[in-house]
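K.L.:
got a sequence here, can you build the structure:
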Amino acid sequence: MAVREIALLGDPVLRNRAREVEVFDEELTALVRDMFETMVAAEGAGLAAPQVGVPLRVFVADVREEDREKIRRLALVNPTLVWEGEEEARASEGCLSIPGVSEVVARPAEVAIEAMDPGGRPVRVEGDGLLARVLQHELDHLNGVLFIDRISALKRRMLLKKYRRLREKEEM
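P.N.:
Reported below is the predicted structural model:
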């Protein structure tokens, strides 16, 4: 297992649609293990394969709902959104690929995703609250979409300006 480098805003891998996984083997299992380790080290709730430079339709999530004891630890391969509720929820989102900034994003409050697990078995995940938000955020990554694409142009410009200032300070 290894902590992998996380691709940052500007890396082309973040803007391309990831490829379907066709082979469920030890290489995929190792990728998933590394992704979990990387996500935990970065203190994230989710991580998509493109964020570690691998253009495959895989993401991991580790979500504990505030009002629930249960932790949902998931690894989903070739996920597809199959249902979304009509109610909308607004909450702050950040991204490991755009560190240091966050913004309120509106998304469906409930979703259902069908996918495969890393062993190639079909799974269905239904979620609301934080789990629904993480599932949608990570699925967006697989389609080359970032949370900043889901906010107004004005908010995006302000957020990107703040992000650039943070990056410049880090480089000093």
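
K.L.:
contacts only, for the residue at minimal distance from the centre of the chain.
P.N.:
Geometric centre of the chain, nearest residue: residue 138, 2.6 Å, by C-alpha atoms, centre = their mean. By C-beta atoms under 8 Å, 6 or more residues apart in numbering, residue 138 lies in contact with 46, 47, 48, 59, 60, 61. For glycine as for every other residue, the C-beta is placed from the backbone atoms N, C-alpha and C.

K.L.:
show me which pair in the residues you listed is furthest apart.
P.N.:
For these, the farthest-apart pair by C-beta to C-beta is 48 and 61; their separation is 9.6 Å.

K.L.:
coming back round to it: state the distance from the residue nearest to the centre of the chain to residue 163.
P.N.:
20 Å (C-beta to C-beta, to the nearest Å).

K.L.:
can you point me to the longest helix in the chain?
P.N.:
What stands out as the longest helix in the chain, according to DSSP state H, is helix 153-171.

K.L.:
please identify the buried residues of it?
P.N.:
156, 159, 163 (16 or more other C-beta atoms under 10 Å).
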